[in-house]
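Enquirer: predicted model and sequence below, questions to follow.
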Amino acid sequence: LASKRKNIWFVLPDLKEVELCKQEWQGQRYQKAAAFTSIEAITEHYGGSSSSSSSTAEDSSYSKPWGATFASAVSQLIGGDSDAGLLGDRGSLDDLEGDCDLHFVCQPGNGGPVEDWINVKKFHDLAGNVPTVVVNGALDKVRDGYYAPFIFPKLAKTFDFYRNFEAAFFLKPISDKGVYGWLFRVFPEKWQVILQHPVQDKKGQLVVEDVVALVSDTRPSYTECVQALLTAAAQESKQSR
């Protein structure tokens with residue numbers, strides 16, 4: 001991934017995350033692999049350079065989480081005339097220069113504000129034809145009805161956008177009705193439901209075997225996953241008797 005042009009833009013949820021990433025991981029190959037930026041910085045970058053007449057001010061401006069305003073006020077209060085460092089060091093942001101070939105977005109909205117998801121869609125739309133990859137974004141919450149549209153109307157406008165994402169690597173634990181396993185997929189392979197079945201080895205020690213409970217061309221629902229795990233667990237119990 002290393003490139004002097006930094007045509008990959010590594011997008012983190014906020015300024016503090018960018019600062020910590022650079023502090024904790026000092027490797028030059030890592031830090032030169034991409035331009036490090038935040039959701040706010042990249043949204044403002046595209047919003048400030050957008051000349052499309054179809055884009056309204058709301059469509060192109062950064063949607064600020066309510067907590068960010070509070071944190072900014074506290075940071076200023078603690079730091080007096082200067083920021084106390086709660087929000088991060090703006091010097092950790094790389095310049096967003098030239099054309100971007102890929103947005104690599106890390107953990108938007110997952111444990112953070114819903115505005116992260118709103119802003120990711122904004123800068124993706126403003127960028128034009130630049131592909132966006134999201135890692136650990138908890139996209140199922142956005143597209144599967146976790147957030148009620150009448151309570152989160154702005155977020156509801158992103159639902160179709162996130163439903164169009166293709167899962168390149170997916171691993172989600174499933175635990176229900178006494179069975180445990182995983183929903184797994186590596187693009188372009190099929191979806192798999194994996195049962196983790198405890199058995200005793202020849203030494204009498206308890207070990208866990210991975211059993212393929214279901215293979216599907218399309219993503220199975222949660223109910224289908226649980227049923228597949230129950231069926232596979234019952235079959236494994238019969239064989240071990």
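Expert: Structure received.

Enquirer: OK, contacts around residue 217?
Expert: The contact partners of residue 217, by CB atoms under 8 Å, 6 or more residues apart in numbering, come to 190-191. Backbone N, C-alpha and C define where each C-beta goes, glycine included.

Enquirer: need phi/psi at it.
Expert: phi -70, psi -30 (degrees, to the nearest 10).

Enquirer: following element in sequence after the helix or strand of the chain with the lowest mean pLDDT, please.
Expert: Least confident element among the helices and strands of the chain, by mean pLDDT, DSSP states H and E: helix 66-79 (a mean of 59). Using DSSP states H and E, the helix or strand that directly follows helix 66-79 along the chain is strand 102-106.

Enquirer: pLDDT (mean, whole number) over that next one?
Expert: Averaging pLDDT along strand 102-106 yields 97.

Enquirer: tell me the strands beside that strand, with direction?
Expert: For strand 102-106, the paired strands and their directions (DSSP bridges) read strand 8-12 (parallel), strand 132-135 (parallel).

Enquirer: neighbouring contacts of stretch 109-117?
Expert: By CB under 8 Å, 6+ apart, stretch 109-117 touches 13-14, 39, 63-68, 108, 120, 136-138, 141-142, 147, 152, 155, 158, 162.

Enquirer: now do the helices in this protein.
Expert: In the chain, the helices defined using DSSP state H lie at 15-24, 28-31, 39-49, 57-60, 66-79, 115-127, 139-143, 153-156, 159-163, 222-240.

Enquirer: could you check how far residue 113 is from residue 62?
Expert: Residue 113 is 12 Å from residue 62, where distance means CB to CB, to the nearest Å.

Enquirer: do residue 182 as well
Expert: 36 Å.

Enquirer: now residue 237
Expert: For residue 237, the distance to residue 62 (CB to CB) stands at 55 Å.

Enquirer: between these two, which one's more packed in?
Expert: More crowded of residue 237 and residue 62, by other CB atoms under 10 Å: residue 62, with 21 against 10.

Enquirer: isn't the more buried one up against residue 43?
Expert: Yes: applying CB atoms under 8 Å, one finds residue 62 in contact with residue 43, separated by 4.4 Å.

Enquirer: give me the common contacts of the two.
Expert: By CB under 8 Å, 6+ apart, residue 62 and residue 43 have these common neighbours: 119, 122.

Enquirer: run a quick neighbour tally on residue 138.
Expert: Neighbours of residue 138 (other CB under 10 Å): 16.
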